[in-house]
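Undergrad: Just a sequence and a predicted model for now, questions to come.
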Amino acid sequence: MKDIEFIYLNQRDVIATGVDMAVAIDAVEDAFRHHMAGKTILPFKTVVDLGEIERGRGNAMPGYVGGDYEALGIKWIAGFPQNPRKNGLPRATGFFILNDSWTGVPLSVMDCTWLSALRTGAVTGAGAKVLARQDSESVAIIGAGVQGRTQLEALMVALPGIRTVRAFDINMETSKKFAVDMSEQFGIDVTAVDSAKEAVVDADIVVTVTVANEPIVKDAWLKPGSYFSAVGSYQEEEFEAVINSDLIVVDDTETVLHRGTPVIALMLNNNMITRDRVLDFGDLLTGVKPGRTSDEQRVFFSPIGMGIHDICLCHKVYLAAKEKGIGTRLQLFGT
């Protein structure tokens with residue numbers, strides 16, 4: 001029996017494939033479309049919670065995407081918020097295993113630390129193309145770490161008319177560095193501000209990407225027509241900020257309810273909002289249901305993350321690596 005070879009891609013290899021935010025947004029949209037067409041299998045995320053704030057957690061996200069991809073895989077990613085400060089390590093580290101869906105053999109094992117941040121930003125970007133006002137110019141970023149950077153990158157791809165960004169982080173030095181780096185990268189006005197309120201008031205787009213365990217954003221700060229993407233701890237906003245939104249959107253309602261902790265799940269389980277108010281993004285992307293119908297509507301988007309997003313993106317990375325001869329070929333059995 002011949003051995004099975006697969007491609008190992010470290011983070012440098014992954015970046016060298018040239019897969020960028022535009023590709024990531026395409027991958028996310030593909031995942032939603034395949035999901036709506038019934039060409040995916042999406043098991044629920046498995047969480048090994050060691051205390052998310054005090055220590056950390058591991059997430060296992062398996063899935064299958066047929067159609068144009070015919071791949072199955074699993075992301076195993078560990079998020080330990082204290083790592084950067086205490087250990088000099090990234091907050092999140094992860095691997096993705098990609099398998100052929102007909103033989104089951106592994107095609108690639110790759111670092112997905114950077115890809116996961118890219119994909120998380122891409123979901124907000126895909127959402128912005130459908131849910132944000134297309135003339136949006138101002139952005140509030142709450143949480144100026146790695147995820148904050150990919151969130152802004154995705155918004156710049158989705159809405160090239162963005163002109164100003166106000167960033168707030170509990171660490172002011174982080175906010176300042178974010179402002180300097182992002183101003184240079186995108187050639188726009190990015191400012192570090194002293195409070196979440198200063199960032200959010202009058203912003204066309206609001207993104208929260210923190211590990212906060214209590215509300216940061218108040219309903220009164222959000223203006224008509226705004227697009228609010230909550231992608232951090234899912235508990236970063238007042239309940240009223242959700243209740244008073246004209247559209248409440250998630251990536252997949254059943255996934256959110258299974259997870260239990262996102263603000264939408266908490267509100268549904270406590271009868272603060274009704275199930276009919278919560279829309280799945282795939283329905284809006286594919287036109288099954290109407291999305292934004294007025295420039296005055298406030299939209300609240302709370303994506304929890306779906307393993308099929310990672311499958312589509314990592315499959316694109318694998319194909320690019322194979323075409324360009326990038327990565328290390330390894331034997332599974334070593335025979």
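TA: Sure thing, it's come through.
Undergrad: rest of the way, CA atoms for contacts and neighbours
TA: Noted.
Undergrad: what's the neighbour count on residue 51?
TA: Counted by other C-alpha atoms under 10 Å, the residues lying close to residue 51 total 10.
Undergrad: In contact with residue 30, which residues are there?
TA: residue 312 (C-alpha atoms under 8 Å, 6 or more residues apart in numbering).
Undergrad: and if you look at the one 4 residues further on?
TA: Counting by C-alpha under 8 Å, 6+ apart, residue 34 makes contact with 40, 65, 66, 67.
Undergrad: Do you know the pLDDT at it?
TA: Note on residue 34: pLDDT of 97.
Undergrad: Wait, a helix at it?
TA: Yes. Residue 34: assigned to a helix according to DSSP: H, G, I helix; E, B strand; the rest coil.
Undergrad: how close does it get to residue 330?
TA: 31 Å (C-alpha to C-alpha, to the nearest Å).
Undergrad: just residue 115 next, same as before
TA: Counting by C-alpha to C-alpha - residue 115 and residue 330 are separated by 21 Å.
Undergrad: So which of these two has more stuff around it?
TA: residue 115 (25 against 15).
Undergrad: residue contacts, the residue nearest to residue 49 when sequence neighbours are not counted?
TA: Using C-alpha to C-alpha, 6 or more residues apart in numbering and skipping the chain neighbours, the partner closest in space to residue 49 is residue 57 (4.4 Å). Going by C-alpha under 8 Å, 6+ apart, residue 57 touches 47, 48, 49, 50, 51, 78, 79, 80.
Undergrad: bridging residues for residue 57?
TA: Assessed by DSSP bridges, residue 57 has beta-bridge partners residue 49, residue 79.
Undergrad: can you pull out the helices in this protein?
TA: With DSSP state H as the criterion, the chain has helices at 11-16, 21-36, 113-131, 146-158, 172-186, 196-200, 239-243, 253-259, 263-269, 281-285, 307-324.
Undergrad: out of those, nearest to residue 5?
TA: Among the helices of the chain, the nearest to residue 5 by C-alpha to C-alpha is helix 307-324 (12.4 Å).
Undergrad: Quick one, which of the contacts of residue 34 are buried?
TA: 40, 65, 66 (16 or more other C-alpha atoms under 10 Å).
Undergrad: Return the set of residues that bridge with the second one.
TA: With DSSP bridges applied, residue 65 shows beta-bridge pairing to residue 40, residue 71.
Undergrad: surely it meets residue 74?
TA: No. Using C-alpha atoms under 8 Å, residue 65 is not in contact with residue 74, being 11.6 Å away.
Undergrad: Give me the common contacts of these two.
TA: Common neighbours of residue 65 and residue 74, counting by C-alpha under 8 Å, 6+ apart, are residue 311.
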